[in-house]
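# Below are the sequence and a predicted model for it; my questions follow.
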Amino acid sequence: MPIAHCPLPIAHCLLPIAHCPLPIAHRPLPIAHRPLPIAHCPLPIAHRPLPIAHRPLPIAHRPLPIAHRPLPIAHRPLPIAHCLLPIAYCQLPIAYCLLLIAYCLLPVAGVAQTTTHKIAIFTPLYLDSSFDDLNNYRYGPQFPKFINPGLEFYEGSQLALDSLSKEKVQLEAFVYDTRSAKQSLAQQLEKAGNDGAELILAYANPEESWNISNTARSKKIPYININLPNDAGISGDPYFVMMNATLQTHISLIYKYVQKNYPLNPVIVFRKKGMMEDIIKTYFDDAGKNTAFVALKINYVDLADSFTIKQLTSKLDSEQHTVCIAGSLEEDFGRRLAQQLASVSRSYPLTLVGMPTFDNLTKDFTGPQYKGLEIVYTTPFYNSGMDKVSQRIIDSFNTKMYARPSDMVMRGYEATWHFSKLLLEYGKDISSNISRKEFNVFRELDIQPVINKQTNTLDYFENKKLFFVKWLDGIIKGVN
């Protein structure tokens, strides 16, 4: 019978092995060879062997000490061979470090999801023109300004991807240098499609934007443009999203702002002759025709480039507050108009409402020559920098680059975070949920469909959120 059926435990069996009724193969070891239970071991307790469960693993099977364990893949540095910078440049701030990121796969590790989503980021990095054939940086200690916008957008996007990585999501980002000398934009777009990109984010000029839109529409994936203030001739594309409001949206909201805050005050649009100025006038006239309230009475005044203060004061009223609107996008015109109106603002009560290009004149507005003049203008993006996310980004830049992040860094972070989160949440249904107000970062977006009035069909989506910034005596007095 098998040993398992023997009525006596092995340790208690007193029969000599030769008399054991079990088959030889099933007989227990001779008593002298049987292992003693640890409790019966004659050795002192301190010298007794450990139970098997408590014995240490063989050295070959023991885990490495924590200090010697390898980093997770997401935290491992790039191989040195992939860095294009000569050693002499390795001490430059991160903003000056141009790694080979064209077609670089940026893994964002995750375990909570079963599907890995993919996004494509297109931005002008000028990698090929920044380095010669020997990988030497062409510009020495200088850093060309034309590289800044695309690089800053990439930096913001990378910070957002780092934040997403900490949330353990499954996301891959493919970065394409739109100024690559090795591949055309068409080839890059084909590769993005073959890689399975489900979302495109881009800093692009109008021609590039038009081509990206065509590819995205054919693949039925959303294309988010970060920088353009116009539609670049794109129409009939339900997958195209503009993060900047169009000029028509700016004019429409300026009209409503003046109508709400100065309904009975005289309104003068100072303008110069030009095609763009005529378009601005048309937008104001259309806003007046479409208003549900009493339309503003707008007086249009044409000025030469060398206009004088006397030409302005002849249209102003010293006893009534006048709303003056800069009816041109030219910065020099806006600067001259603001300076001359500021010089007479003590005698003539007035408010100057500027075009969105006034956002480029903020350094000027801190000067004493603008003292006493209230200046209001619209901008599609405003960030006070007081929220927690902004503070983390600012601290990171101060620590690593000894600089303050630009608006384009913040906008790159915002767009990458917001739309990646939408992709992770809704997957293939992201296009149907593109205007949802979830996952906002620095501001609340207002993405609305733009309907073609002639065909009554959807042209694209536009973020119509605008901020009115008010300056007085060199400081910002309010934002709404």
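Cool, the structure landed.
# which residues of the stretch 151-300 of the chain fall in helices?
185-194, 206-219, 247-261, 275-290 (DSSP state H, counting those that start in this stretch).
# So which of those helices is nearest Phe146?
Phe146 lies closest to helix 206-219 among the helices of the stretch 151-300 of the chain, at 15.2 Å (Cβ to Cβ). Where you see a C-beta, it was placed from the backbone N, CA and C, and this is true even at glycine.
# thinking again about what came up before, mind giving me a markdown table with the helices of the stretch 151-300 of the chain and columns for distance to Phe122?
Formatted as a markdown table, the helices of the stretch 151-300 of the chain follow (distance: least, Cβ to Cβ, whole Å):
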| stretch | distance to Phe122 |
| --- | --- |
| helix 185-194 | 7 |
| helix 206-219 | 6 |
| helix 247-261 | 24 |
| helix 275-290 | 28 |
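# TSV for these, including distance to Lys428 and mean neighbour count?
Formatted as TSV, the helices of the stretch 151-300 of the chain follow (distance: least, Cβ to Cβ, whole Å; neighbours: other Cβ atoms under 10 Å):
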stretch	distance to Lys428	mean neighbour count
helix 185-194	15	16
helix 206-219	12	18
helix 247-261	30	19
helix 275-290	37	15
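# Of those, give the one that comes closest to Leu350.
Here helix 247-261 is closest among the helices of the stretch 151-300 of the chain (Cβ to Cβ), at 12.6 Å.
# Please name every helix or strand in contact with the closest one.
If you count contacts as 3 or more Cβ pairs under 8 Å, 6 or more residues apart in numbering; DSSP states H and E, helix 247-261 packs onto helix 275-290, strand 322-326, strand 350-354, strand 374-379.
# Quick one: mean pLDDT for the longest one?
When you say that, I think you mean helix 275-290. Averaged over helix 275-290, pLDDT sits at 97.
# for the stretch 51-200 of the chain, which spans come out with low pLDDT?
For the stretch 51-200 of the chain, applying pLDDT under 70 flags the ranges 51-114.
# For the helices and strands packed on helix 247-261, give me a markdown table that also has distance to Met386.
Converted to a markdown table, these look like this (distance: least, Cβ to Cβ, whole Å):
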| stretch | distance to Met386 |
| --- | --- |
| helix 275-290 | 33 |
| strand 322-326 | 30 |
| strand 350-354 | 25 |
| strand 374-379 | 17 |
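# Tell me which of these lies nearest to Ser184.
Comparing these by Cβ to Cβ, helix 275-290 comes nearest, at 31.7 Å.
# by contact count, what packs against the closest one?
Against helix 275-290 (3+ Cβ pairs under 8 Å, 6+ apart) you get helix 247-261, strand 267-271, strand 298-302.
# Same list, the ones you listed, but as CSV with mean pLDDT and distance to Ala403 please.
What follows is the helices and strands packed on helix 275-290, written out as CSV (pLDDT from 0 to 100; distance: least, Cβ to Cβ, whole Å):
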stretch, mean pLDDT, distance to Ala403
helix 247-261, 97, 30
strand 267-271, 98, 38
strand 298-302, 97, 43
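# before we move on, back to that, Asp195: which of the helices and strands packed on helix 247-261 is closest?
strand 374-379 (35.3 Å).
# partners of the closest one, with directions?
Using DSSP bridges, strand 374-379 pairs in its sheet with strand 350-354 (parallel), strand 467-472 (antiparallel).
# Can you name the element that comes right after the longest one?
Reading on from strand 467-472 to the C-terminus, the next helix or strand found by DSSP states H and E is strand 475-479.
# Which segments of the chain make up each domain?
3-61, 82-244+387-463, 247-379 (automatic domain parsing).
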